[in-house]
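> sharing a sequence plus its predicted fold:
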Amino acid sequence: MQIAYLVTSFPALSATFILNQITGLVARGHDVHIYGDRPGDTENISDEVHRLKLLDVTTAPPMPSTAVARLACSPLPFARLMMRRPGIALRSLRASMYGGQAKNLNLLYCADSIKSPQTYDAIHAHFGPNGVRGTFLRDVGLLNGPLLTTFHGYDMTRTVRGAGRNAYEHLFATGDRFLPISEHWLERLLDLGAPASRTIVHHMGIDPTQFTYTPRLRDDTSPTKILSIARLVDKKGIEYAIRAIARTESPIQYRVAGDGPLRAELEALIDACNVRDRVEILGWKSNAEIRALLDESHLLLAPSVTAADGDKEGIPVVLMEAMAMGIPVISTVHSGIPELVDHNVSGLLVEERNVESLAEAIESLCRTPDVWASMGRAGADVVEANFNIDRLNDDLVKHFEAASNRHSDD
């Protein structure tokens, strides 16, 4: 099959789940072309991107990152597009149909970057706004083929809050299939107006064979090593983890691998809670360093919360990776997490922002290392059964084929 991927940027360190899909499709013999609406992170490129030469099949306009710069630089792409395809140039600015994608000039820059019409067996957009971009590129004939859109989380909360409940009206009317990543987000998508007959849950996943399952053990004289892997933003809930650790009595070494805008605030909280001897923020780590940290950790902590702007998680991939390695997890009743983590079976779940309950969960597992092996085994089994990227990619191809058949019938 000839498959187009519509993504925000490629490659992107925070979107390994998209790379896992693409590499799986290439391994199955499919041809993939990637369309970003801005260039990706070319300084931190994975071996897989290099090996498969994915940058050679990636198209992305050199679009300025700020609205002011985009506007200032827009006369040139607009003039080029007017010379080649004036109708497309004018339609790219139709905010009444394409909303923010037109207002922020994304469509203008993206249309200018595609030099000639392309036909695909499937066009797969990740995140709702990229699905909207796909409707435009199809409407004007730059991309042809059935359009499938995967929805992850913020695109049904923060995006809708800013653009209104009708943000996806045109996408829902013309798209061929909609793939929320959890049952939680399926309900939200249907509430927003997605057609039930074309809306199906499709999980993100990992390759369990890339993670070595090892039952977690700890001798009685060592602290419990707890790890969080997260960008330091509101929805990751690291603030509540630090406050909870401060309430525990067991010997604990808590490390946070990640960086972000809240780092200074969280460092100050560590000092305010007087836990500098037990809590450390490590900053960004490479994939190899993350794997080493997971190897030596006893528990993984992912205290996700709903952010002030409504942003939520999907189902964090880091939870899948930890569970595949036999690590018991502590997380929250948030978004699709309960679809992965079975409370008291593969880990513990507490309510969002409940510091006392989070501290109790941490203390409970620190004091009962004898349950770690059974929890770790249960978690690995769930990942293998329901979040195995190999099986999920087989299902994804079936979605492409079904959408292609529907598109041909129309």
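Yes, it's here.

> now do the spatially closest residue to W284 that is not a sequence neighbour, the pLDDT please.
Leaving out its chain neighbours, the residue that sits closest to W284 by C-beta to C-beta, 6 or more residues apart in numbering is D259, at 4.9 Å. Quick note: C-beta positions are derived from backbone N, CA and C, even for glycine. Turning to D259, the model gives it a pLDDT of 96.

> wait, isn't D259 in contact with L232?
Yes: taking contact to mean C-beta atoms under 8 Å, the distance of 5.9 Å between D259 and L232 places them in contact.

> who has more neighbours, these two?
When neighbours are counted by other C-beta atoms under 10 Å, D259 and L232 differ, and L232 comes out ahead with 21 against 15.

> list the buried ones in stretch 334-345?
By neighbour count on 16 or more other C-beta atoms under 10 Å, the buried set for stretch 334-345 is 334-341.

> buried stuff in stretch 177-191?
With burial defined by 16+ other C-beta under 10 Å, the residues of stretch 177-191 counted as buried are 177-182, 184-186, 188-189.

> now do stretch 117-126
So stretch 117-126, judged by 16+ other C-beta under 10 Å, has buried residues 118, 120-126.

> and it, how far apart are its ends?
Taking C-alpha to C-alpha, to the nearest Å, the first and last residues of stretch 117-126 lie 21 Å apart.

> likewise stretch 248-268?
Chord length of stretch 248-268, first to last residue, is 19 Å (C-alpha to C-alpha).

> switch to numbering from 751
Will do, 751 is the new start, and the previous item becomes stretch 998-1018.

> hey, where'd the helices end up in the stretch 901-1050 of the chain?
Along the stretch 901-1050 of the chain, the stretches classed as helices by DSSP state H, counting those that start in this stretch are 908-913, 919-924, 933-941, 988-997, 1013-1022, 1037-1046.

> please identify the deepest-packed of the ones you listed.
When neighbours are counted by mean count of other C-beta atoms under 10 Å, the highest per-stretch mean among those falls to helix 988-997, a mean of 22.

> so for R830, what's the nearest residue that isn't a sequence neighbour?
Residue nearest to R830 in three dimensions, not counting chain neighbours: D862, with 5.7 Å by C-beta to C-beta, 6+ apart.

> what packs against the helix or strand hosting the one you found?
Counting by DSSP states H and E, the element that carries D862 is helix 856-863. Helix 856-863 is packed against strand 781-789, helix 825-834, helix 836-841, helix 845-853, helix 878-889, with contacts defined by 3 or more C-beta pairs under 8 Å, 6 or more residues apart in numbering; DSSP states H and E.

> go again with 7 Å.
Helices and strands touching helix 856-863, by 3 or more C-beta pairs under 7 Å, 6 or more residues apart in numbering; DSSP states H and E, are helix 825-834, helix 878-889.

> that one: how far from the chain's middle?
Once both centres are worked out by C-alpha atoms, centre = their mean, to the nearest Å, helix 856-863 turns out to sit 24 Å from its chain's centre.

> in it, what counts as buried?
With burial defined by 16+ other C-beta under 10 Å, the residues of helix 856-863 counted as buried are 856-863.

> give me the contacts around the next helix or strand after it.
Stepping forward along the backbone from helix 856-863, the first helix or strand reached (DSSP H and E) is strand 868-869. Where contact means C-beta atoms under 7 Å, 6 or more residues apart in numbering, the residues beyond strand 868-869 that reach it are 893-895.

> picking that back up, N1136 is nearest to which of the helices of the stretch 901-1050 of the chain?
Of all the helices of the stretch 901-1050 of the chain, the one in closest proximity to N1136, counting by C-beta to C-beta, is helix 933-941 (11.6 Å).

> go ahead and confirm the residue nearest to R830 touches P811.
Yes: between D862 and P811 a contact is recorded at 6.3 Å, counting by C-beta atoms under 7 Å.
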